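[1] Below: sequence and its predicted model.
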Number of protein chains: 2
Amino acid sequence: MKQSQLFYKTMKESPKDAKAVSHKLLCRAGYVNQLMAGVYTYLPLGFRVLKKIEEIIVRNMEAEPINGQEILMPSLTPKENWQKTGRWENFDALFKLRGFGEKDYGLAPTHEEVISPLVKNAVFSYKDLPFYLFQIQNKFRNEARAKSGILRTREFMMKDLYSFHADEEDLDKYYDKMIDRYLKIFKEVGIRKDGVEKITYPTLASGSTFSKYSHEFQTVTTSGEDIIYICQKCQYAINKEIKEETNVCPHCDKKTEFKEEKAVEVGNIFKLGAKFSVPFDLKFRDKEGKEQPVLMGCYGIGLGRLMGAIVEVNNDEKGIIWPDSVAPFQVHLIQLENSKKVRDKAEKVYEKLFEMRIEVLYDDRENATVGEKFAEADLIGIPLRIIVSERTLKSRSIEIKRRDEEKSKLVKIHNLETVFK
Amino acid sequence: MKQSQLFYKTMKESPKDAKAVSHKLLCRAGYVNQLMAGVYTYLPLGFRVLKKIEEIIVRNMEAEPINGQEILMPSLTPKENWQKTGRWENFDALFKLRGFGEKDYGLAPTHEEVISPLVKNAVFSYKDLPFYLFQIQNKFRNEARAKSGILRTREFMMKDLYSFHADEEDLDKYYDKMIDRYLKIFKEVGIRKDGVEKITYPTLASGSTFSKYSHEFQTVTTSGEDIIYICQKCQYAINKEIKEETNVCPHCDKKTEFKEEKAVEVGNIFKLGAKFSVPFDLKFRDKEGKEQPVLMGCYGIGLGRLMGAIVEVNNDEKGIIWPDSVAPFQVHLIQLENSKKVRDKAEKVYEKLFEMRIEVLYDDRENATVGEKFAEADLIGIPLRIIVSERTLKSRSIEIKRRDEEKSKLVKIHNLETVFK
């Protein structure tokens, strides 16, 4: 894509109320635009990142051993379903609205009240279990305070998967597989690291009558609103509520030191057990022909929040440093001067990269200074920068520099393909 | 995908209130599930079709000469923006809701009130124009009567593109390109035909103060709620409102016969002119340095309704007949008997097709009769059926039949690849 055609607008100043670094950078670099408190538009650059994140999540949810099947549930949901679970009155963040015929709707902040009655018609016997359904859908929450840019919003894209099981052992096994899968996803998008500092931690949180714990996935950042305590022996964490009850790590069972960190929750998984199958009469006949409630699990990842967390973890004083996996483009090609020679060569490199199916943002602007071009490229944060200039063309070369490295190198134009091997 | 694992449930009976054939078939075949009047869940089969439609639309919106850039705008929108255009009070179908702090929101049925202020920060000079932004997003409409299944719903996935121009000539040119592009899309998804009966027609409808006409795209079907009048000379249509004013075809300017048909609107394009740029003060400086309002066009396609229209046009008494372009799978592989020999061979064919990257639904069920398997395959409507049975294996063959043809043929298993050339 040519930058002269791209719909975006970088800003020198951050939004006045912005404190989180992801909020500042994503607004300044033209990835998102705030419509009002807690409600954002994803601009072309931001939408590309969101799609990359979506593709990674969908691929991981569909693959073995997760085997999720994608569906799409509505946002408008009938009051009656929320009354059945007692959440019409008890779910503070539920937006309520009224349509023609005095009909009341909830604007779904989560979908247990839709999926439980939905699957009822397809489950009769233990032979119909287990199965796994997921969706990527807008969720709505009437938050008293929305803040930190896309980390905490009133409307947000979320992946939620629901699993359905005949017994607790099967649910437990699947739940454990999901923990591994979540860590794999967070590694792939660049917020879970291999070193001592994992950055993103599975974090024990309170469960329900059905299971003692649920798991949050918390990414350490000073912009986080949560506090977590990382066990220095097993590198699991516990949240504040659990910390107040114990000095032993409930994951590794060892007496341990806990390291306190601010963090943002990027995912959350929960054994629901029969909590929703009972009110919706979702049951099956077991091998002995006896009726049993279906056991459920739910597994969420907020896509916008994840995008924010990726920026929280991957940036420097100049701007964003996108991991390759989620970058809006792989290459930022910069035509440094406007001479015919430089323009022609840059155009040729652009076409060559296009043929190689590499996603390129090509800064072809003739009205931007060299300084502006570099500053914007650093702010936007595309992983690989390629410069075509009078200087590089003297040796029939281009200059290549990774956003996360200081050093650049000259590569002969006819060797362009070797860069991507 | 193995059918034994697929989350779906076919029904012998149509929903009681279902009149439209698409409503009956999509519910019976397990593509969609009604949560309440006018609100549906897309089940795995239906979701796959929706994604195919989405991919076709996105590809066509991004390609030359449309050059749309995809974004994602929110559904929650501030009351103030709707007040600016007078639509807070005048837009009957606008869902209104209230959040914390007595804050009123509109649940967007369309996005002019979001995109006009959004682009204001990026447009200064005629050099910044034209550009084109689109999104695929849920829309909400507080319909007094929702009916005909997914043809008319309260919540629906929609593509809306907005174009921004410096002058009327530029808007007119782009608008005409969009008419061609829409017809191309409708042809690709199987509802616009080459013959005398085009099935889907560009239809003149009333415009605004800015332009005499807007264009609807109407698909002829007895389930349609609209009436259109097709000019027998130029094969354009006019809607009821226009028909009452004229006996001359306003498209080809000829005295003509009009053929009256029931139809459903699958797309709609409109020259907005300065209608939204004026209230949001969206202007630019022209070549003479004079301030002018930006001129806008908007271009919509409802994805769910399009899916319904495709089924309206492509079915027979046995079920759906998906066009290849939007089918949930390309091949329905049926293992007719449960002997080890048949199962093993069917499994091998399945693996081979998987390697060839062909999307296959593999009916591996051992508890369904031959009759049930055939009836369900016809109902679900996948374009190509491949049967592995005791009989076909006698000649080391598989039986191949297109859903839209009567005749089947035997193909040697080792020649499987030739089927897809």
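    Thanks, I have it.

[2] can you pull up the bridge partners for the closest residue to chain B within the stretch 151-300 of chain A?
    Residue nearest to chain B within the stretch 151-300 of chain A: residue A:155 (4.9 Å; C-beta to the nearest C-beta). (C-beta placed from N, C-alpha, C; glycine too.) For residue A:155, the beta-bridge partners under DSSP bridges are residue A:140.

[3] To what extent is it buried, counted in neighbours?
    When neighbours are counted by other C-beta atoms under 10 Å in any protein chain shown, residue A:155 registers 24.

[4] if I look at it, how far off is residue A:53?
    In this view, residue A:155 and residue A:53 are 17 Å apart by C-beta to C-beta, to the nearest Å.

[5] what about the longest helix along chain A, near chain B?
    Ranked by number of residues, the top helix in chain A under DSSP state H is helix A:168-188. No - among the residues of helix A:168-188, none lie within reach of chain B under C-beta under 8 Å from any C-beta of the partner chain; the closest is 14.6 Å away.

[6] And that helix, what does it pack against?
    Contact analysis of helix A:168-188 by 3 or more C-beta pairs under 8 Å, 6 or more residues apart in numbering or on different chains; DSSP states H and E lists helix A:44-62, strand A:155-165, strand A:200-206, strand A:213-220, strand A:258-273, strand A:295-302 as its packing neighbours.

[7] Also compute the angle for that helix relative to strand A:258-273, please.
    Relative orientation of helix A:168-188 versus strand A:258-273 (axes from the mean of the first three to the mean of the last three C-alpha atoms, to 10 degrees): 130 degrees.

[8] what about residue A:51, how many neighbours?
    17.

[9] Okay, helices next: where are they in chain A?
    A:21-28, A:44-62, A:79-84, A:87-90, A:112-120, A:168-188, A:240-243, A:303-313, A:340-355, A:370-380, A:390-394.

[10] Quick check, pLDDT for the closest residue to residue A:247 other than its chain neighbours.
    Closest residue to residue A:247 apart from its sequence neighbours, by C-beta to C-beta, 6 or more residues apart in numbering or on different chains: residue A:255 at 6.9 Å. The model reports residue A:255 with a pLDDT of 90.

[11] what about the stretch 1-150 of chain A, any weak spots by pLDDT?
    Within the stretch 1-150 of chain A, no stretch has pLDDT under 70.

[12] Could you pull up the contacting residues of the nearest residue to residue A:339 once chain neighbours are set aside?
    Leaving aside its chain neighbours, residue A:339 sits nearest to residue A:390 (6.7 Å; criterion: C-beta to C-beta, 6+ apart). Neighbour list for residue A:390: A:336-337, A:339, A:341-342 [criterion: C-beta atoms under 8 Å, 6 or more residues apart in numbering or on different chains].

[13] so which of those would you say is closest to chain B?
    Of the contacts of residue A:390, the one sitting nearest to chain B (C-beta to the nearest C-beta) turns out to be residue A:337, at 20.3 Å.

[14] Surely that closest one and residue A:387 touch.
    No - with contact defined as C-beta atoms under 8 Å, residue A:337 does not reach residue A:387; the gap is 10.3 Å.
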